[in-house]
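Asker: I would like the atomic coordinates for the input below:
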Amino acid sequence: MDYQLRPAASEHVAQIAEIWHAGWHEAHGQIVPTELVTLRTMESFLERSAENQSGTWIAVSDATVLGFCMVREDELYQMYVSPAARGGGVAKTLIGDAEKRILGNGYQIAWLACAKGNSRAMRFYEKSGWNMAGTEVVGLDTSQGAFPLDVLRYEKKLISSEG
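Answerer: So this is what the prediction gives:
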């Protein structure tokens, strides 16, 4: 699969939101509280995609976004790949890039939150060298304010290629 990584631009926000909306509902729709599912509208994904554009990198082929990864300081905040691009190495490339960006932000340990029951994501993170570090309650961004969700915390010690 031929694609390039680059920072997201405003013209990518709608495609990012579509991938995020579909992927989130596929992965989380049956494992999180109904109240949260109700808040995860397409509009909410469009708003959050725009708000997080500066920390988002995309895998893109021609003008088609295949997947994206959002980084916030030391957190791999979000990462999704379109169904058509799964199995082609896009997720591996995106997570590797996120790790480099987090290290470039000055952090040696990266973390991410994974919904309990999201077995596919858990397997991918563990295969990518991330370790489950415990559970915690995070306040998820919603239009109604922070929504508390008990999640699995994954961490990875990052190593600079310079040393």
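
Asker: use CA for all of it now, contacts and neighbours both
Answerer: Fine.

Asker: for residue 84, what are its contacts?
Answerer: Going by Cα atoms under 8 Å, 6 or more residues apart in numbering, residue 84 touches residue 66.

Asker: any idea how far residue 110 is from it?
Answerer: Taking Cα to Cα, to the nearest Å as the measure, residue 84 falls 28 Å from residue 110.

Asker: Kindly report the same for residue 46.
Answerer: For residue 46, the distance to residue 110 - Cα to Cα - is 26 Å.

Asker: ok, and the closest non-adjacent residue to residue 12?
Answerer: On the basis of Cα to Cα, 6 or more residues apart in numbering, the spatially nearest residue to residue 12 that is not a chain neighbour turns out to be residue 65, at 7.2 Å.

Asker: Bridged to the one you found, which residues?
Answerer: residue 60 (DSSP bridges).

Asker: For stretch 97-109, the averaged confidence score.
Answerer: The average pLDDT within stretch 97-109 is 97.

Asker: Report the buried residues of that stretch.
Answerer: 97-103, 107 (16 or more other Cα atoms under 10 Å).

Asker: Turn the residues you listed into JSON lines, including distance to residue 125 and secondary structure.
Answerer: Listed next are these as JSON lines, based on distance: Cα to Cα, whole Å; DSSP: H, G, I helix; E, B strand; the rest coil:
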{"residue": "97", "distance to residue 125": "14", "secondary structure": "helix"}
{"residue": "98", "distance to residue 125": "13", "secondary structure": "helix"}
{"residue": "99", "distance to residue 125": "12", "secondary structure": "helix"}
{"residue": "100", "distance to residue 125": "16", "secondary structure": "helix"}
{"residue": "101", "distance to residue 125": "17", "secondary structure": "helix"}
{"residue": "102", "distance to residue 125": "16", "secondary structure": "helix"}
{"residue": "103", "distance to residue 125": "17", "secondary structure": "helix"}
{"residue": "107", "distance to residue 125": "18", "secondary structure": "coil"}
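
Asker: Looking at these, spot the one nearest residue 128.
Answerer: Proximity of these to residue 128, judged by Cα to Cα, is greatest for residue 99, which lies at 10.6 Å.

Asker: I'd assumed residue 157 was in contact with that closest one.
Answerer: No: using Cα atoms under 8 Å, residue 99 is not in contact with residue 157; the gap is 9.4 Å.
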